[in-house]
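Asks: can't give you the sequence, but here's the structure:
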């Protein structure tokens, strides 16, 4: 479980809890529709895995409420590697759709993630393996910000990982 949730928890009100539950439910339903799956690993009411097993949950999504500038927002974390803050989006639908797309692009697929780190550029690209054995790029994020690239080049290295996301129930 994420330590972020522990250190950034807000006073829990019933309406916050219901909002978190509703968000998880909508995301599960949309991923189910997009991917044709109907089974998940429900860890608790606010945490669900879309791949892996009960002992090794993957694509593990956690939803919680955070307070920022006096307002409450939803926060989502996937495998403690990718996160979304509701305040970064124009509305709740946009927030949820971004999460849904990210998860649906990975469910039941083999994914290759390529990270390229250089002093003057940073790039992360994700590819899925199609039926013909070809890698198809579906996400490509890069930055040429001098400060970001300088810091990133000292914290991480260029790498390539390949992972298959399947539910093992």
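Replies: Yes, it's here. The shown structure was predicted, so the numbers you read here are calculated from the model rather than taken from an experiment.

Asks: what about residue 150, neighbour count?
Replies: Residues near residue 150, counting by other Cβ atoms under 10 Å, number 12. Heads up, the C-betas are built off the backbone N, CA and C, glycines and all.

Asks: which non-adjacent residue is nearest it?
Replies: Nearest non-adjacent residue to residue 150, counting by Cβ to Cβ, 6 or more residues apart in numbering: residue 119, 7.1 Å away.

Asks: gap between the one you found and residue 160?
Replies: 20 Å (Cβ to Cβ, to the nearest Å).

Asks: in the helix or strand where residue 58 lies, what counts as buried?
Replies: Assigned by DSSP states H and E, residue 58 belongs to strand 57-68. Judged by neighbour count (16 or more other Cβ atoms under 10 Å), strand 57-68 contains these buried residues: 57, 58, 59, 60, 61, 62, 63, 64, 65, 66.

Asks: now stretch 36-48
Replies: Buried residues in stretch 36-48 (16+ other Cβ under 10 Å): 37, 40, 41, 46, 47, 48.

Asks: please name the nearest non-neighbouring residue to the first one.
Replies: Sequence neighbours aside, residue 107 is the residue nearest to residue 37 in space, at 6.4 Å (criterion: Cβ to Cβ, 6+ apart).

Asks: wait, doesn't that neighbour sit right on residue 59?
Replies: Yes: using Cβ atoms under 8 Å, residue 107 is in contact with residue 59, at 6.8 Å.
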